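Enquirer: predicted model follows, preceded by the sequence.
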There are 2 protein chains.
Amino acid sequence: MEHYSSQLNGIFQALADPTRRAVLRQLGRGPASIGELAQPFEMALPSFMKHIHLLEDNGLIRTRKHGRVRTCTLEKARLAAVDDWLSEQRALWEARTDRLEQFVIADLDKDKDMDGNKETSK
Amino acid sequence: MEHYSSQLNGIFQALADPTRRAVLRQLGRGPASIGELAQPFEMALPSFMKHIHLLEDNGLIRTRKHGRVRTCTLEKARLAAVDDWLSEQRALWEARTDRLEQFVIADLDKDKDMDGNKETSK
DNA sequence: CGATTGCTTAGCCATTGCGCTAACTATTCA
DNA sequence: TGAATAGTTAGCGCAATGGCTAAGCAATCG
């Protein structure tokens, strides 16, 4: 349940960069070599490689080398961790919304009694 | 469409830290003051405040000060951006899986032509 | 009133992140 | 074999991150 926590650090970190998200997006369309992936970006290849490594280190992609060409593929399952986190988070505040509704009802009852001004905005 | 991109940088960045995720988790159970939120952590308050500011700057929480107490609340809608990104990504590789299946079928056809070492005849 | 509480500001410091160039290795091509 | 191709390694520089202490301030308490 909470074991994913440490993985989430790296996964979210990896997703926090537009270059890396673009790579994932491209790989969504199918496997590609380093050169193909790098081509749309203006940065130097070694810089780009760091992004690839980070994605691989965090399990978001897998790579394999054939001859002098390294081919990257998306590791789809990895994003499930993000999905799980989101679900868990949502479950929390949905449960809480239920409780909140109870308070709202209570507040409405109060309003009946007091009737008047509440707080001055600002 | 892609306008969310810049926001995603910050949002994913904010989520890439366990302290901040824990804060969101706690706020999922309802609003809380800075002090209440900070209590489970061993770090100094100013350090903790940086996390709060980062969460607020990226729109994941909202805060309001009453007297000397600042109360934080979850900004649930903000996580929708993450959800949207995930959906878009998934849509991409699901569409691609369809195309992949076509290739697989094509490959099976090829096998028929080339060698009969498969289950060509059941 | 003065003391305490609950942040807040201001800085310092070590580490990490993300870009670069230069030079190197390992295929593959002519 | 020699030249081009596709990555790779090494190291540099600067900005951002995430922690700290010390000191400040406004609200509340005794």
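Expert: Perfect, I can see it now. Numbering: from 1, shown residues only, chains lettered A, B, ... in the order given.
Enquirer: burial of whichever residue of chain A sits closest to DNA strand C, as a residue count?
Expert: With C-beta to the nearest atom of the strand, the shortest gap between chain A and DNA strand C falls at A:Gly67, namely 1.9 Å. Every residue, glycine included, has its C-beta placed from N, CA and C. Number of residues near A:Gly67 (other C-beta atoms under 10 Å in any protein chain shown) recorded here: 5.
Enquirer: that one: what's it in contact with?
Expert: By C-beta atoms under 8 Å, 6 or more residues apart in numbering or on different chains, no residues touch A:Gly67.
Enquirer: host element of the residue of chain A found nearest DNA strand D?
Expert: Proximity to DNA strand D, evaluated over chain A using C-beta to the nearest atom of the strand, is greatest for A:Gly35 at 2.6 Å. According to DSSP states H and E, A:Gly35 maps onto helix A:34-38.
Enquirer: buried sites along that helix?
Expert: A:34, A:37-38 (16 or more other C-beta atoms under 10 Å in any protein chain shown).
Enquirer: export these to a markdown table and tack on distance to chain B and pLDDT?
Expert: What follows is these, written out as a markdown table (distance: C-beta to the nearest C-beta, whole Å; pLDDT from 0 to 100):
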| residue | distance to chain B | pLDDT |
| --- | --- | --- |
| A:Ile34 | 20 | 97 |
| A:Leu37 | 15 | 97 |
| A:Ala38 | 19 | 97 |
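Enquirer: interface residues of chain A facing DNA strand D?
Expert: With the criterion set to C-beta under 7 Å from any atom of the strand, chain A comes near DNA strand D through A:33-35, A:38, A:45-46, A:49, A:52, A:65, A:68-70.
Enquirer: is stretch A:22-33 up against chain B anywhere?
Expert: Yes. Residues of stretch A:22-33 contacting chain B under C-beta under 8 Å from any C-beta of the partner chain: A:24-25, A:28-30.
Enquirer: quick check: end-to-end length of that stretch?
Expert: From its first residue to its last, stretch A:22-33 covers 14 Å (C-alpha to C-alpha, to the nearest Å).
Enquirer: what does it contact?
Expert: A:15, A:37, A:40-41, A:51-52, A:55, A:60-61, A:69-74, B:89, B:92-93, B:96, B:99-100.
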